[in-house]
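Enquirer: I'll drop the sequence and a predicted model, then ask my questions.
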Amino acid sequence: MARISTKTPKAKEPQQLCKIDNQLIEAFVKKGNLPAFKILFFIASSNIEITGDIMKFNLDTKNICERCNIDLKTLKRNVKQMTETSISIIDEQSESYMTVIPKAKFNYSGKLEITMLKEVLQLVKATQNQFTIINASKVMKLGSKHSVRMLMLLEYIKGFDEHVAKRKYYDLEEMNLMFGTNYKKITDLERFILVPVKEELDATSRLSFVYEVHKDKPTATVGRAKALGVIIDLVQNTPQRTLF
């Protein structure tokens, strides 16, 4: 039988750096939108101690809205979406399916009471398995959900071993999965995703990227070369507007 914590701990002021398990990041990359991303990182950066199999904790709605740069209506809509977002947790013994937030209650006192399973909260807090470290304040300041997804990819690439090149190759199908798009040509993905995302990260983030379209043959050869994918290279950047 699940042990329910009867206490309702008050989350402390969010920290800057947080860890989120890569399984959960991948689930939100495919299904999440920008406000949901920000709410997830708000929870991840909050000092919530895991004390039972089912956890309940309170968050201040005004604080969430200010940090995530959203209004209360948007917060409610996206928390509701998170109650409908399912993930799978797979280990050597079993495969489990559950929602990110089984229950959320908005109190008129300005508090959001969230109920989460221990397994999911562990993924959010990254107390086990493979995880990505990211500064939550970076996520909060971005205006595009695609920029958030690219930033998480860059943080992932940044974590490569020091003797490994800080680069990653993705074909068109993988890029569509990562950004939740359905482009038929690399040129469209470049125009609508890579160019504007690079522009935002160049302006706001210490991490940015350069990219190269990978083709099936050299452009100097006879016949038109077909674009197959994109090579992403991490670069350290000096933001133009604000420092993270």
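Expert: Yep, it's here. Residues are numbered from 1 along each chain as shown.
Enquirer: helices and strands of this protein: which one bottoms out on pLDDT?
Expert: strand 131-135 (a mean of 61; mean pLDDT, DSSP states H and E).
Enquirer: right, and Gly143 touches Val197 too?
Expert: No - if you go by CB atoms under 8 Å, Gly143 and Val197 don't touch, sitting 10.7 Å apart. Using the backbone N, CA and C atoms, a C-beta is placed for each residue, glycine as well.
Enquirer: who's more crowded, the two?
Expert: Taking neighbours as other CB atoms under 10 Å, Gly143 and Val197 compare with Val197 leading, 23 against 10.
Enquirer: what packs against the helix or strand encompassing that one?
Expert: Counting by DSSP states H and E, the element that carries Val197 is helix 195-204. Judged by 3 or more CB pairs under 8 Å, 6 or more residues apart in numbering; DSSP states H and E, the packing partners of helix 195-204 are helix 145-158, strand 207-215.
Enquirer: Which of the ones you listed has the highest mean neighbour count?
Expert: Comparing these by mean neighbour count (mean count of other CB atoms under 10 Å), helix 145-158 ranks first with a mean of 21.
Enquirer: any idea of the mean pLDDT for the helix or strand following that helix?
Expert: Of the helices and strands lying after helix 145-158 in sequence (DSSP H and E), the nearest is strand 167-171. Here strand 167-171 scores 91 as its mean pLDDT.
Enquirer: Give me the contacts around whatever helix or strand comes next after strand 167-171.
Expert: Scanning forward in sequence from strand 167-171 by DSSP H and E, the next helix or strand is helix 172-179. Residues outside helix 172-179 that contact it (CB atoms under 8 Å, 6 or more residues apart in numbering) are 29-30, 146, 149, 153, 170, 181-183, 185-186, 189, 193, 227-230.
Enquirer: tell me which residues in helix 172-179 are buried?
Expert: Leu172, Met175, Asn176, Met178, Phe179 (16 or more other CB atoms under 10 Å).
Enquirer: Determine the number of other residues adjacent to Lys105.
Expert: Counted with other CB under 10 Å, Lys105 comes out at 12.
Enquirer: what about it, helix or strand, and which?
Expert: Going by DSSP H and E, Lys105 is part of strand 103-106.
Enquirer: about what we covered before: how far off centre is the helix holding Val197?
Expert: Relative to its parent chain, helix 195-204 has a centroid offset of 17 Å by CA atoms, centre = their mean, to the nearest Å.
Enquirer: And stretch 156-170, by the same measure?
Expert: Offset of stretch 156-170 from its chain centre (CA atoms, centre = their mean): 18 Å.
Enquirer: So Ser208 sits against Leu201, correct?
Expert: Yes - using CB under 8 Å, Ser208 is in contact with Leu201, at 4.2 Å.
Enquirer: any residues in contact with both of those two?
Expert: Leu154, Asn237.
Enquirer: any chance you could map the strands in the protein?
Expert: 17-21, 54-60, 86-90, 95-99, 103-106, 111-117, 131-135, 167-171, 207-215, 227-236 (DSSP state E).
Enquirer: how about the shortest one: buried residues?
Expert: By that I understand strand 103-106. For strand 103-106, the neighbour count (16+ other CB under 10 Å) marks Ala104 as buried.
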